[in-house]
Every structure is written in C-alpha cells, then in structure tokens.
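Q: Okay, structure incoming, though there's no sequence with it:
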C-alpha cells in the first residue's frame, strides 16, 4: 500500500473511532472527545501498522482539520473536532454564536434527493449531535470544512430569527458552524432564509 493510501485508511479509521465507535470498541473516550493515541494505535484495525508519527502527519496534513492533538500529563491524546454521534462527547471546545453579525452566512450543503424532505420537515441532526453548517459555499478558498464540495443544494439559515427563538449555534475549532437544533434535533423550515440549487452544469437557481 502506498503511503498516501495508507494515510487515507488511517484518517478514515480515526474518524470512525473518534466520532462514532469509541464506546463500542472499548476505547477510553473522555467527555471532551479525547482518546490516548496509544489506545488508538493498539486497536485491532491499526495495531502494528501505524506509529505516533503517522498520526501526527495525518492530523497535520488533513485539509479539513478534522482532528486535534494535545499532550496531557505526558500522554498524547487525539479527538475529532466535530461530527460526533457519541452522546458522551459533550464538552467540545465550541464557541457559542451570540450575535448574527459574528458569521457572514450559515449554510447547510446537501443533495437534490433530500430537498423535498428538507422543505417539508426541516434539517435534522439525525444520528449526530449537531447539524453542520459552513459560513460560505464550498468553492470559497476560506472554507476548511462543514460543507461538501459535491453538494447540490445550499440551505441558508436566518440566524437572527433562529437565535431570537432560542436555537443554539456554535463554532468548532476548525471553523464549522454547529447546531443541535430544537429538542427534537430539527431546524424547522421557518428558519430558512433561502435555498439555492446548484445544477451539475454549474448554474445556480433559487
């Protein structure tokens, strides 16, 4: 396996473990989402294949800045910056968005196949802890993460209205805007400012 392919496998395995599977895989995840790297490297899918240097390289080179490393009491730990479905992860270093002027836009990217359901019932965090948003479209050079480059539909949120009615929004360490939605994990269509559709030919319609 080439080094590039090996790094992709490591990155995907890190995402799976840190965001979704740590508990069922028996890893000691704390409330901030951190796991000692030594535990990660001893996991059955990684044991004997990777080193701490490999993890450091994947974290440093990840263009979405999905991961964060820290050293605590001599132990190197890693976490995913967002995207968790693990309910035990509650203490991510998220910065609350208190004023609509703090972000230029709040945009959720999705696909045409989801559009009718979204218009009808709203955006759902589904099995994750948050709905993910970006402050700009995926072709912007300033966007690191939060919206897929392949997205065909862009849902803009009326942040002022949503905040005024009690919905919470946060900024993650890698610039993603996150919201847990309402008590049912939903952001209702009444909070949509506009919806734009980007067709595969490159045009945009509203």
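A: Thanks, I have the structure now. As the structure is a prediction and not an experimental result, all values here were calculated from the model.
Q: In which helix or strand does the nearest residue to residue 61 once chain neighbours are set aside reside?
A: Setting aside the residues directly before and after it, residue 61 is nearest to residue 7 in space (C-beta to C-beta, 6 or more residues apart in numbering), at 7.2 Å. Where C-beta positions appear, they are placed from N, C-alpha and C, glycine not excepted. Residue 7 belongs to helix 3-16 when assigned by DSSP states H and E.
Q: now for that helix, which elements pack on it?
A: When contacts are defined as 3 or more C-beta pairs under 8 Å, 6 or more residues apart in numbering; DSSP states H and E, helix 3-16 packs onto helix 52-61, strand 75-80.
Q: at 6 Å what do you get?
A: helix 52-61 (3 or more C-beta pairs under 6 Å, 6 or more residues apart in numbering; DSSP states H and E).
Q: that older thread, from residue 14, how far off is the residue nearest to residue 61?
A: According to C-beta to C-beta, to the nearest Å, residue 7 stands 10 Å off from residue 14.
Q: Looking at those two, which is more packed in?
A: Higher neighbour count among residue 7 and residue 14: residue 14, with 25 against 17, using other C-beta atoms under 10 Å.
Q: how long is stretch 152-170 from one end to the other?
A: In terms of C-alpha to C-alpha, to the nearest Å, the two terminal residues of stretch 152-170 are separated by 24 Å.
Q: Wasn't residue 82 part of a strand?
A: No - counting by DSSP: H, G, I helix; E, B strand; the rest coil, one finds residue 82 to be coil, located in no strand.
Q: The residue lying farthest from the centre of the chain is in what secondary structure piece?
A: The outermost residue of the chain, judged against the average C-alpha position, is residue 48 (28.9 Å), by C-alpha atoms, centre = their mean. Under DSSP H and E, no helix or strand contains residue 48.
Q: quick one, what contacts it?
A: Counting by C-beta atoms under 6 Å, 6 or more residues apart in numbering, residue 48 touches no other residue.
Q: Which residue ranges of the protein form strands?
A: Using DSSP state E, the strands of the chain run over 35-36, 67-72, 75-80, 95-96, 107-110, 123-124, 131-133, 153-157, 170-171, 177-179, 186-187, 192-198, 204-205.
Q: looking at those strands, which is buried most?
A: Stretch with highest mean neighbour count among those: strand 177-179 (a mean of 25; mean count of other C-beta atoms under 10 Å).
Q: What are the phi and psi values at the residue lying closest to residue 186 once chain neighbours are set aside?
A: Spatially, and ignoring its direct neighbours in sequence, residue 186 is nearest to residue 122 (4.8 Å; C-beta to C-beta, 6+ apart). With angles defined as degrees, to the nearest 10, residue 122 sits at phi 100, psi -170.
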